[in-house]
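Engineer: Provided below for reference: sequence and predicted model.
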Amino acid sequence: MDQTVPYLIDLLAAAILVTTFLIVSSRSLIFYVRLFSLQSIMLGAVALLVVIGYGETHILVSVVLTLLVKAVGIPIVLSRLIDRIKVPKEIDFSVNTTISLLVCGFLVILANSVAEPIISSRPVSTAMVTKVLPISISVMLIGLFIMTSRRKAVTQIIGLLTMENGVFLSGLSITSGMPMIVELGIFFDILVAALILGVFVFRINRTFETVDSDTLRRLRH
Amino acid sequence: MSVIIFTALLVLPLVGAGVCSLTRHQRMLEGVTVAVAGVAFAAAVRLAFIILAQSTLSSRNALLYVDALSSLVILVVTGSAFATALYSVSYLRVQLRLGAIEIRHVRLYYSLFNVFLFTMMTVLLSNNLGFLWIGTEASTLSTAFLVGFYEKEHSLEAAWKYIVICSVGITLALFGIILTYYSALSIVGGASNALHWTVLIKIAPRLDPGIIKLAFIFILVGFGTKAGIAPFHTWKPDAYGEAPAPISALMAGGLVNVALYSLLRFYAIVTKTVGAAFASHLLMFFGLLAMAVAVPFVLVQKDSKRLLAYSSVEHVGIIIFAVGLASPLAYFGALLHMINNAIAKLILFLTTGNLRLAYHSKLIARISGAIKVVPATAVFYIVGIFAITGWPPFGPFISEFTIATAGFANGNAIPVILFLLIVATIFIGFIYYGSRMVFGEPHHLLPPVQLHPIVDVLIGGLVLLLLILGTMIPPWLWMLVQNAAKVLQG
């Protein structure tokens, strides 16, 4: 087979990791959402390349849904939300940028060691597995880190979605995605989750006059 | 026959949700929900007997699959749903009359109640682990607005925490499922049934041990978060504390067991692939950890519902610990405890709902002398407390005793002693707060609000059930639990 497709997939996967790092270091909420959208477009492109290069036509639906739901739909909803709620558009860090980036660097190393047994289990490893899988796990872990270290409710939504992008990428790399009908259900869940979380951001904003999830610390014990 | 049962369990709740979202007629909403839950429960009982006779039941395309394990949990979940649906009728009517909620809230409540039941049934009936995942995430989403039902600051906060933490957990579990799928694909090829549990359990000995171990860790964290085991339990006290009483009851009696069920399905696979030791050590550790984490919060607690939430953390710990002991007797005890804990939690959450209405507060300090204010509730509550803390002649005593015996029998004396110590300590906390609420002089100022007397009959029935389970378990149920334990042995 032609080597261009695996090469492009590698390149896009690396670019996805770069957007994840950019999200971590970004200070503006709107920029956050745009980076997520960019990341999802590249994820859709990876899925499309898997269709073209490996003939996995069943994930064509995932390509369309990734672009429609994650690259366009959810970012539009989130930007509207940011416009309507009255919050400073800057992000509060509970961990500063330098340390955040160091932690993320460490997470990439961790992801490589998690991926190691999976890669070595296979007699013939394709580039798809050896290079993309560690990246996908990194994206997943960094998404988790964003959720735990950023205070704004909107950034937590982005963190969750980034995690899900990581999981989706891992699926593409090792199993060429899930069976189509399962993939559909997963997309439905993600969309509904994003919408429900959006509604809650709105309500929390109305009730607390802030969307800082640090104020959400009244319940103890 | 199988078509009728699957329809009653899966399609009916969905239809119920549709009807409820279209009507504003209160009696219609109540009638539909109670009928859906009642029919589902009847179908679950019928299903249990079918499973006893022929051991499994599946749909023609093998997408739906029931064995003794799922049949048992379906029985527990639909039973909890039926009891809480009945309770909801009276509870919401009173709240509507008091002006705490409006009719649009009532509609939302019953619609989501039906969706909630549907999502749990999806998990329990799916043979495909992908659908099991979808159902689990959907169950979180459908309960989000029920947890945030009162739209107060605290309930919004609780709902936010609940969705975010559970969604993160379940996303990690998805990665575990993908790993399992990956491992299966190399054996069955590109077949579309590589995610079917029935296929996976057959090929389990040939799956890659390294990958399956890794997958199980992600699965344990994921579904463990959903079941609320420490240290991923932090959403639980908030969610149980803020949700309306019947919803807390249904989450503690139903949803918890659904999450545990998913975990057990994977446990059966991983045990067959890498042997019992790996998963069993993990489960024993996390089980004891969950139990231990609950202790300080039960001993020092201000809120009557959060007290129960920590008890839920403890008992999920007990069940996981028991599975970790990994012997047929321990599995039997664990599954029996699932039933007992569910019934006891229903009794306690529903009576706490009564107390909340009677005293207009859920704070322990505001509730005293309940025996003089709401005698029946007070009696059921104190009985519930003795039952959940493991006193004879109630069900939980039998299951906890079975678990301890099983642990001593297979040489886990030290963990079992720890287990018993924690159970005893938690009893002290419970009896201290329980007696403060039930006895003493009542000092409430507002006139107590009472639910319809039928609610007392309902809770009394649950107490009777727990008494039966503690003295003479019906032979058919015994058989069902035993067959379910066999599923875990692979």
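Structural biologist: Sure thing, it's come through. Residues are numbered from 1 along each chain as shown, chains lettered A, B, ... in the order given.
Engineer: for the helix of greatest length in chain A, packing partners?
Structural biologist: With secondary structure taken from DSSP state H, chain A has its longest helix at helix A:180-208. With contacts taken as 3 or more C-beta pairs under 8 Å, 6 or more residues apart in numbering or on different chains; DSSP states H and E, helix A:180-208 sits against helix A:60-65, helix A:74-84, helix A:153-175, helix B:129-147, helix B:153-188. Heads up, the C-betas are built off the backbone N, CA and C, glycines and all.
Engineer: To residue B:422, which of those helices lies closest?
Structural biologist: When these are compared by C-beta to C-beta, helix B:153-188 sits nearest residue B:422, at 24.2 Å.
Engineer: got a list of contacts for stretch B:407-417?
Structural biologist: B:284, B:288, B:321, B:325-327, B:329-330, B:403-404, B:419 (C-beta atoms under 8 Å, 6 or more residues apart in numbering or on different chains).
Engineer: Same check on stretch B:35-42?
Structural biologist: Outside stretch B:35-42, the residues that touch it by C-beta under 8 Å, 6+ apart are B:8-9, B:12-13, B:15-16, B:78-79, B:81-82, B:84-85, B:114, B:117, B:121.
Engineer: Ok, stretch B:1-18 next?
Structural biologist: So stretch B:1-18 is contacted by B:32-33, B:35-36, B:39-40, B:42-44, B:46-47, B:50, B:57-59, B:64, B:74, B:78, B:111-112, B:114-115, B:117-118, B:121-122, B:125 (C-beta under 8 Å, 6+ apart).
Engineer: ok and the residue in the stretch 201-350 of chain B nearest chain A?
Structural biologist: With C-beta to the nearest C-beta, the shortest gap between the stretch 201-350 of chain B and chain A falls at residue B:210, namely 4.3 Å.
Engineer: Would you mind confirming that residue B:119 is in contact with residue B:133?
Structural biologist: No: using C-beta atoms under 8 Å, residue B:119 is not in contact with residue B:133; the gap is 11.5 Å.
Engineer: More neighbours: the two, which one.
Structural biologist: residue B:133 (29 against 24; other C-beta atoms under 10 Å in any protein chain shown).
Engineer: how close does residue B:116 get to chain A?
Structural biologist: 14 Å (C-beta to the nearest C-beta, to the nearest Å).
Engineer: ok, residue A:113 - how many residues close by?
Structural biologist: When counting by other C-beta under 10 Å, one arrives at 10 neighbours for residue A:113.
Engineer: Next one, pLDDT for it please.
Structural biologist: Here the pLDDT value assigned to residue A:113 is 89.
Engineer: Point me to the helix or strand that includes it.
Structural biologist: Using DSSP states H and E, residue A:113 maps to helix A:97-120.
Engineer: ok so, going back, now, the contacts of stretch B:1-18 that are in helices?
Structural biologist: Members of these lying in helices (criterion: DSSP H): B:32-33, B:35-36, B:39-40, B:42-44, B:46-47, B:50, B:74, B:78, B:111-112, B:114-115, B:117-118, B:121-122, B:125.
Engineer: Please indicate which of those residues are buried?
Structural biologist: Buried members of the ones in helices among the contacts of stretch B:1-18, counted by 16 or more other C-beta atoms under 10 Å in any protein chain shown: B:32-33, B:36, B:39-40, B:43-44, B:47, B:50, B:74, B:78, B:111-112, B:114-115, B:117-118, B:121-122, B:125.
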